[in-house]
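Q: Here is a sequence with its predicted model. Questions after.
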Amino acid sequence: MASAVRVRELLTPMARSQRGDLVLDLSGLRYLDGQGLDALIGLASWIRGTLVLRDPSGLPRLLLDRSRIADLVPHLRIEHTTGPRWGLAAGFEPGDGIAG
């Protein structure tokens, strides 16, 4: 399980230098807590495009939906697709979570 600190370490430099949308494929994410949510909000604040959270499911989707993060945070969008899942490979394994 990746910590929120590790997520920030891996993705903040990328978010700062990104010139377009940054897509995170969350299809394999099984756990997300408040600190993980805060890490995603922080990434959205650094990006020059949009942070796209693609295909969250289960508990992460529930937390994202209930928090209304996509309505409240500029430059952040949740996307559900049915086609191929292309995302960011940043040292995470399927089934990993993001927690404090």
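A: Alright, I've got the coordinates.

Q: mind checking pLDDT for residue 89?
A: pLDDT for residue 89: 44.

Q: now residue 94
A: 54.

Q: Repeat that for residue 30.
A: So residue 30 comes in at 89 (pLDDT).

Q: if I look at it, how far off is residue 65?
A: Counting by Cβ to Cβ, to the nearest Å, the separation of residue 30 from residue 65 is 16 Å. In this view, the C-beta of every residue, glycine as well, is placed from N, C-alpha and C.

Q: Who has more neighbours out of these two?
A: More neighbours surround residue 30 than the other of residue 30 and residue 65, with 15 against 12 (other Cβ atoms under 10 Å).

Q: I'd say that one and residue 61 touch.
A: No. Look at residue 30 against residue 61 with Cβ atoms under 8 Å: they stay out of range, at 10.7 Å.

Q: Just the buried positions in the strand or helix carrying residue 61, please.
A: Residue 61 is located in helix 58-67, with elements delineated by DSSP states H and E. Judged by neighbour count using 16 or more other Cβ atoms under 10 Å, the buried positions of helix 58-67 are 60, 61, 63, 64, 67.

Q: Provide a list of residue ranges in this structure with pLDDT below threshold.
A: The chain contains residues with pLDDT under 70 at 1-2, 82-100.

Q: where along it do the helices fall?
A: 4-17, 34-46, 58-67, 69-72 (DSSP state H).

Q: Could I get those in TSV, plus columns for distance to residue 24?
A: Output for the helices of the chain, formatted as TSV (distance: least, Cβ to Cβ, whole Å):
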stretch	distance to residue 24
helix 4-17	8
helix 34-46	8
helix 58-67	11
helix 69-72	13
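
Q: Among those helices, show me which one is buried the most.
A: Ranked by mean neighbour count, the helices of the chain are led by helix 34-46 with a mean of 19 (mean count of other Cβ atoms under 10 Å).

Q: Just the residues contacting that helix, thanks.
A: Residues outside helix 34-46 that contact it (Cβ atoms under 8 Å, 6 or more residues apart in numbering) are 3-5, 7-8, 11-12, 15-16, 22, 24, 50-51, 53, 63-64, 67, 69, 73-76, 97-100.
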